[in-house]
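Enquirer: Show me the folded form of this:
(one chain, ligands or ions: 2)
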Amino acid sequence: MRRSEAVPRHAAVEAPDLSSPSVALLPGDGIGPEIVVAARRVLDAVGEFEYVELPVGGASIDIHGTALTDEVLERCRAADAVLLGAVGGPKWDTTDPGAPRPEQGLLGLRKGLGLYANLRPVKPSGALLGASPLREERIAGTDLLVVRELTGGIYFGESGRDGDRAHDDCAYTVGEIERISRVAFDAARGRRGRLTSVDKANVLETSRLWRETVTRIAAEYEDVEVDHLLVDNAAMQLVSEPTRFDVIVTENLFGDILSDEAAMLTGSLGMLPSASLGGEGPGLFEPVHGSAPDIAGRGIANPLATILSAAMMLRHGLGLAAEADAIEAAVETVLDAGLRTPDLAAEADAAVGTEQVTAAILDRLRP
Ligand code: IPM
Ligand code: MG
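Expert: Numbering: from 1, shown residues only. Ligands and ions are numbered 1, 2, ... in the order given. A predicted model of the protein is given here:
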């Protein structure tokens, strides 16, 4: 527990730490500020937290000319947990390789905080089965966890341009594959005991190393049943038979793509939370969706993925499992009551806004 490090070493008995957990709030761009405010209100209904709000992404580019300053990274490192909205938007879209891009802020945080394990749980709410573009009987019973490697692979390989040629290198070391495999095997052990490792071993050398390493680590986990799928086949099975999956472990780029695909099983990308863990310091918690600049400022953004990310933060980052359970239960009852932002609503005129959904959750938390 990081906060107890503040206790003087000479203290004979470790004093209980009575200060509130500190949360770095990084609203970012687009709908980011709206959904982070909603999540903060929900957090305040279940506990006491100290917040520090910091710019990242386009918001930071506008002020500092870079998507993540060293100071913001340091202040995040000093917090107990980091809650992020979303980054990016057309204002900063560029193909100029030298220009700053909002996404660099997110990638810099993940790398800078050493967050190599990204957990993306996908469990459609019963009330939303009809909101998915997939048939209800196909997705009912889906309950899977994508464990995405987050600080390696093509995202962080050497890249560049050379005349009319561009390249992005993908590299993985045995150590990087081992540590993410262990996170996934441990997660499978705490769930239904099935792990699917996804790669492209019929084409890529990194994938062959991946498969070889996962197979070796599997010997440490005889109680977990493992299978290996090629990524194209995994993409197909995610929509044809999502209930076959328990834990999916995969490299950075495949995990990015498969988790958006899996998100649609829940009805909307606006529902999926995530936790990024593995560093020595705080974890980073953020919705899987992007900054949706087209609907920013209109009060209609779905805050649920961020609110559910705040619940993951309480559980995985701050050791407050009961508070996390309370938030998740409140979200479920609000969905059961039929409240839907436009991304989930069957008919647009039946939809409500960010404020109504948030207020309804607060009502359930403070009866
Ligand atoms: C995600 C996002 C990011 C990623 C972008 C914004 C860099 O798509 O978290 O899935 O590719 O990792
Ligand atoms: Mg993505």
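
Enquirer: and D343, how far is that from G281?
Expert: Distance, D343 to G281, using C-beta to C-beta, to the nearest Å: 33 Å. The C-beta positions use only the backbone N, C-alpha and C, and glycine is treated the same way.

Enquirer: Could you check stretch 136-153 against ligand 1 for contacts?
Expert: No: Stretch 136-153 does not reach ligand 1 (C-beta under 6 Å from any ligand atom); its nearest approach is 7.5 Å.

Enquirer: Could you work out the end-to-end span of that stretch for me?
Expert: Taking C-alpha to C-alpha, to the nearest Å, stretch 136-153 runs 35 Å from one end to the other.

Enquirer: and that stretch, which residues are buried?
Expert: 138-139, 142, 144-153 (16 or more other C-beta atoms under 10 Å).

Enquirer: can you confirm E286 is in a helix?
Expert: No: assessed with DSSP: H, G, I helix; E, B strand; the rest coil, E286 is strand; it does not lie in a helix.

Enquirer: Could you verify my assumption that it touches S274?
Expert: Yes: contact criterion C-beta atoms under 8 Å: E286 and S274 qualify, at 5.8 Å.

Enquirer: of the two, who's got more company?
Expert: Counted by other C-beta atoms under 10 Å, E286 and S274 do not tie: E286 has more neighbours, with 28 against 24.

Enquirer: ok, the one residue in the chain that gets nearest to ligand 1 - contacts?
Expert: Here the residue of the chain nearest ligand 1 is E103; by C-beta to the nearest ligand atom that distance is 3.9 Å. Counting by C-beta atoms under 8 Å, 6 or more residues apart in numbering, E103 touches 57, 67, 87-88.

Enquirer: still on that earlier bit, out of the buried residues of stretch 136-153, which are inside helices?
Expert: Among the buried residues of stretch 136-153, the ones falling in helices (DSSP state H) are 138-139.

Enquirer: before we move on, the earlier item: can you check which residues contact both of E286 and S274?
Expert: Contact criterion C-beta under 8 Å, 6+ apart; residues bridging E286 and S274 by contacting each: S309.

Enquirer: Quickly note the distance from I35 to G270.
Expert: To G270, I35 is 9 Å away according to C-beta to C-beta.

Enquirer: what sits in contact with each of the two?
Expert: Counting by C-beta under 8 Å, 6+ apart, the contacts common to I35 and G270 are 287, 301-302, 305.

Enquirer: where does the stretch 1-150 of the chain have low pLDDT?
Expert: Residue ranges of the stretch 1-150 of the chain with pLDDT under 70: 1-18.

Enquirer: residue ranges of the strands in the stretch 51-200 of the chain, please?
Expert: Using DSSP state E, counting those that start in this stretch, the strands assigned to the stretch 51-200 of the chain run over residues 81-86, 117-122, 144-149, 159-162, 165-168, 194-199.

Enquirer: Ignoring the adjacent residues along the chain, who's closest to the residue positioned nearest the centre of the chain?
Expert: Centroid-nearest residue in the chain, with C-alpha atoms, centre = their mean: S274, separated by 2.3 Å. Counting by C-beta to C-beta, 6 or more residues apart in numbering, R120 is the residue found nearest to S274 once chain neighbours are left out, at 4.7 Å.
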